[in-house]
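Visitor: what's the 3D shape of this:
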Amino acid sequence: MKVKYVPYSQLGNTWMQPGSFAKWTRTCVIWQLIKFASYNIKIIKIVAKGY
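Guide: Below you'll find the predicted structure:
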């Protein structure tokens, strides 16, 4: 029996598996700290412009 593709559903094997780089970025603590710092710097710039 063929599984019909339905958007935004997880029937069968229709969803994507994350690649090795995506898995690494999600689990690497150093990468998460770098991203956290960059987001904080962006927020500080936005708040500083408002005052």
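Visitor: any idea how far residue 30 lies from residue 37?
Guide: Distance, residue 30 to residue 37, using Cβ to Cβ, to the nearest Å: 11 Å. The way it works is simple: take the backbone N, C-alpha and C, and place the C-beta from them, glycine included.
Visitor: More neighbours: these two, which one.
Guide: Applying other Cβ atoms under 10 Å to residue 30 and residue 37 shows that residue 37 carries more neighbours, namely 10 against 7.
Visitor: for the record, mean pLDDT for the helix or strand hosting that one?
Guide: According to DSSP states H and E, residue 37 maps onto helix 29-50. Confidence for helix 29-50, expressed as mean pLDDT, is 95.
Visitor: can you list contacts of it?
Guide: 24, 25 (Cβ atoms under 8 Å, 6 or more residues apart in numbering).
Visitor: buried stuff in it?
Guide: By 16 or more other Cβ atoms under 10 Å, helix 29-50 has no buried positions at all.
Visitor: Just the C-alphas of it, formatted as CSV.
Guide: Extracted in CSV, the C-alpha atoms of helix 29-50 (Å, rounded to 0.1, in the frame of the first residue of the first chain):
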residue,chain,number,x,y,z
VAL,A,29,27.8,23.5,23.4
ILE,A,30,30.6,25.8,22.1
TRP,A,31,28.5,26.6,19.0
GLN,A,32,25.4,27.3,21.1
LEU,A,33,27.4,29.7,23.3
ILE,A,34,28.6,31.6,20.2
LYS,A,35,25.1,31.9,18.8
PHE,A,36,23.8,33.0,22.3
ALA,A,37,26.4,35.7,22.4
SER,A,38,25.7,36.9,18.9
TYR,A,39,21.9,37.1,19.6
ASN,A,40,22.6,39.0,22.8
ILE,A,41,24.8,41.5,21.0
LYS,A,42,22.0,42.0,18.4
ILE,A,43,19.4,42.6,21.1
ILE,A,44,21.7,45.1,22.9
LYS,A,45,22.2,47.1,19.7
ILE,A,46,18.4,47.2,19.1
VAL,A,47,17.7,48.3,22.7
ALA,A,48,20.6,50.9,22.5
LYS,A,49,19.1,52.5,19.4
GLY,A,50,15.7,52.9,21.2
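Visitor: Good, wrapping up.
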